[in-house]
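Peer 1: would you be able to build a 3D model of this:
(chains A and B)
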Amino acid sequence: MKVKVMSFAVALMTMLFATSVFAAAPIKIGALFAVTGPAAFLGEPERNSAKMVIDEINKAGGVKGHKLELVAYDTAGDATKAVQLATKLIKDDKVVAIIGPSTTGETMAVIPVAEKEQIPLISCSAGSKITDPVKKWVFKTAQNDALAVGKIFEYLQKTKHTNVSILTVSDGFGASGREQLKNQAAKYGITIVTDDTYGPKDTDMTAQLTKIRGSHTQAIICWGTNPGPAVVAKNIRQLGIKTPLFMSHGVSSKKFIELAGEAAEGIKLPSGKVVVADVLPAADKQKKSLMAFVKDYQNHYKAEGDHFGGHAWDAVMLIKGAVENGAETAAALRDQLEKTKAFAGIGGSFTYSPQDHAGLGKDAFILVEVKNKDWVIVK
Amino acid sequence: MQFDQILQYTLSGLSTGAIYALIGIGFSIIYNATGIINFAQGEFVMLGGLLTLSCLDLLKLPLWAAIPCAIAVSTLVGLIFERLAIRPLRQPTPINLVIITIGGSILMRGLAMLVWGKDTHTIPPFSGDTPIAVGGATILPQHLWILAITLVIILINKIYFYHTISGKAMRACSYNRRAAGLVGIDVKRMVLYSFVISSAMGAVAGIIVAPLTMTAYDVGVMLGLKGFCAAIIGGMSSGISTVIGGLILGVLESLGAGLISSGYKDAIAFIILLLILFIRPQGLFGKADSERV
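Peer 2: From the prediction side, this is the model:
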């Protein structure tokens, strides 16, 4: 009697599990985001956006009958962990593509894994060296910091403020920005008068700013992510420095305006278009995607969809586009991704090619200014 | 021009130094009463700032009510920490206690991260933020608040430790615990008081500095370490030496960042700590420990 019950149970179980074979196999997309740790301001919105857009795609019936399945791991901003988790995604979870990681350091560590296992990697980090030189299996959706620097320098050249002081944070983002600032200065006729740094957790930059105040600078460029630049803005106001202040795209969020308070007025920075989505002209090709993203994110997470979450949104949509063109395996996805033309995403308009896996041009950034606690486009 | 710059560096350094001094005194009080270095001291600073934020935002209290509330809750946390983590210890060897306080600080940081998130938050300055010119330098009204409140706390400390019975009892514990126990002082209660006072002082330090430097769940780490440096420089005294130690640390850090290189700001604090520990471990003002053989 017992044997009969057991075999009946086994048969039942087998039948239950067998039914899943009849639906089209879900396409597994892996993701590595730095949800905790120092890069959490990148990883958390990225993971939220990725989840949100995949849920929506699945609710609308999936892509060509396939549901998308997101397997996301938290790297905590650690490159070693990122490599371990990447291997896990490829070997255990058998994903056909990986989105992320969130930071340049982690991406550079994961690239050899993706190249060896031949799985396409769509990074959400900004370092130029991710796609320069081009690697067959590596793409990215975040704008180059080189483009951001170019935007600022272009404006300074136009307004003839060519003596600048730079104040950069001593982490990967700041170091990369500093490198770009120094490399591109000559091209735009800019002279760097003083070059200072501050630590990511520093709470007082009056020492560096006092030194800057004493130099003949016509503009101050601060390159970092919250909360450092907010402290810099407040210190500048305290010291009564009237020199125009520019920031990086690392603080293109309402959080910065909230932290810096009154001191934020008049600051200019290059930003992805998402922060001014509602005031963009209707003719702008990205306006539709931007407004949809901002509204969705607000509904789902009750917070403002920012420029960083946009990188993951773009990555998922690019993969969706590739699947729509018939790709299902890793190699086919890679080929279709490379053929993407003028996809109007959150970060900009993406056009990949065998020589360009970064896909964005100068129009990915616009110069915005803080006025009345909100962003306005600088003409 | 040069003098103005040095003046500016010194003034910013003094206010940062005052904060280090307050935190350092917190370390010293607990060390003197119990022989433990409480590495969770920095977390009380963090709690002070974040609790004030919650009182302002969630309970919608005005600033003058939010601050005492925040100090009260931080003190409660300090009390609970002492009761649950320190008192039950069967073998209070220094290494056990150090590990427990480090563990406690990690726990508090983790809980703070869950409650307040990883974002940075601001608290409005106590009396506006129009800069005040002093010679060729500028300071903010908040800097004056920091210096004033630090002074008041130092005075209260001095009165408490030298002119009240329980204060004198705590000093007796710090000189010789066994003897203090023999003359009838409840040493366990003194340990409790020391934690209560230190957590309250830490919370105050966190609240007065938050409008300037903003607060987040992890501000306690660096501030705690630098406060510890200040305490070492001052020879772990609960009085004026630690204050001077903190001020020296703050000013040297600021001058170093301005005149030498801004990247080395933190390094300067820790190099000073190492030099003191190598050359004069009893602190600049302490008397060398000597044993009668």
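Peer 1: all helices of chain A, in order?
Peer 2: Using DSSP state H, the helices assigned to chain A run over residues A:2-18, A:40-59, A:79-91, A:104-117, A:145-158, A:172-185, A:206-213, A:228-239, A:254-260, A:287-301, A:307-324, A:330-338.
Peer 1: in a markdown table: these, plus mean neighbour count and mean pLDDT.
Peer 2: The C-beta positions use only the backbone N, C-alpha and C, and glycine is treated the same way. Rendered in a markdown table, the data for these read as follows (neighbours: other C-beta atoms under 10 Å in any protein chain shown; pLDDT from 0 to 100):
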| stretch | mean neighbour count | mean pLDDT |
| --- | --- | --- |
| helix A:2-18 | 9 | 69 |
| helix A:40-59 | 22 | 90 |
| helix A:79-91 | 19 | 93 |
| helix A:104-117 | 20 | 90 |
| helix A:145-158 | 21 | 90 |
| helix A:172-185 | 20 | 87 |
| helix A:206-213 | 24 | 86 |
| helix A:228-239 | 25 | 90 |
| helix A:254-260 | 20 | 85 |
| helix A:287-301 | 17 | 87 |
| helix A:307-324 | 25 | 90 |
| helix A:330-338 | 19 | 89 |
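Peer 1: which of those helices sits closest to residue A:373?
Peer 2: Evaluated over the helices of chain A, closeness to residue A:373 peaks at helix A:254-260, with 5.5 Å, by C-beta to C-beta.
Peer 1: pull the residues that contact the closest one.
Peer 2: Among residues not part of helix A:254-260, those counted as contacts by C-beta atoms under 8 Å, 6 or more residues apart in numbering or on different chains are A:226-227, A:229-230, A:233-234, A:247, A:264, A:267, A:275, A:304, A:370, A:373-374, B:119-120, B:122, B:214.
Peer 1: how about the residue of the stretch 1-150 of chain A found nearest chain B, what does it touch?
Peer 2: Ranked by C-beta to the nearest C-beta, the top residue of the stretch 1-150 of chain A for proximity to chain B is residue A:40, at 5.0 Å. Counting by C-beta under 8 Å, 6+ apart, residue A:40 touches A:34, A:77, B:118.
Peer 1: what about it, distance to residue A:203?
Peer 2: Residue A:40 sits 19 Å away from residue A:203, going by C-beta to C-beta, to the nearest Å.
Peer 1: and for the residue in the stretch 101-250 of chain B that chain A sits nearest to, the neighbour number?
Peer 2: When distances are taken as C-beta to the nearest C-beta, the stretch 101-250 of chain B reaches nearest to chain A at residue B:213, 3.3 Å away. Residue crowding around residue B:213 was assessed by other C-beta atoms under 10 Å in any protein chain shown; the count is 23.
Peer 1: in this structure it contacts residue B:206, no?
Peer 2: No. Counting by C-beta atoms under 8 Å, residue B:213 does not reach residue B:206; the two are 9.8 Å apart.
Peer 1: what do the two both touch?
Peer 2: Any residue near both residue B:213 and residue B:206 by C-beta under 8 Å, 6+ apart counts here, and that gives residue B:219.
Peer 1: circling back: narrow the contacts of helix A:254-260 to those in strands?
Peer 2: A:247, A:370, A:374 (DSSP state E).
Peer 1: from those, list the buried ones, please.
Peer 2: Burial by neighbour count, 16 or more other C-beta atoms under 10 Å in any protein chain shown: within these this picks out A:247, A:370.
Peer 1: where does confidence bottom out across the ones in strands among the contacts of helix A:254-260?
Peer 2: The weakest per-residue confidence within the ones in strands among the contacts of helix A:254-260 falls on residue A:374 (85).
Peer 1: mind listing what that residue touches?
Peer 2: Under the criterion of C-beta under 8 Å, 6+ apart, the neighbours of residue A:374 are residue A:257.
Peer 1: tabulate the helices of chain A (TSV), appending distance to residue A:128.
Peer 2: Conversion of those to TSV gives the following (distance: least, C-beta to C-beta, whole Å):
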stretch	distance to residue A:128
helix A:2-18	48
helix A:40-59	17
helix A:79-91	18
helix A:104-117	9
helix A:145-158	5
helix A:172-185	7
helix A:206-213	26
helix A:228-239	21
helix A:254-260	24
helix A:287-301	24
helix A:307-324	15
helix A:330-338	19
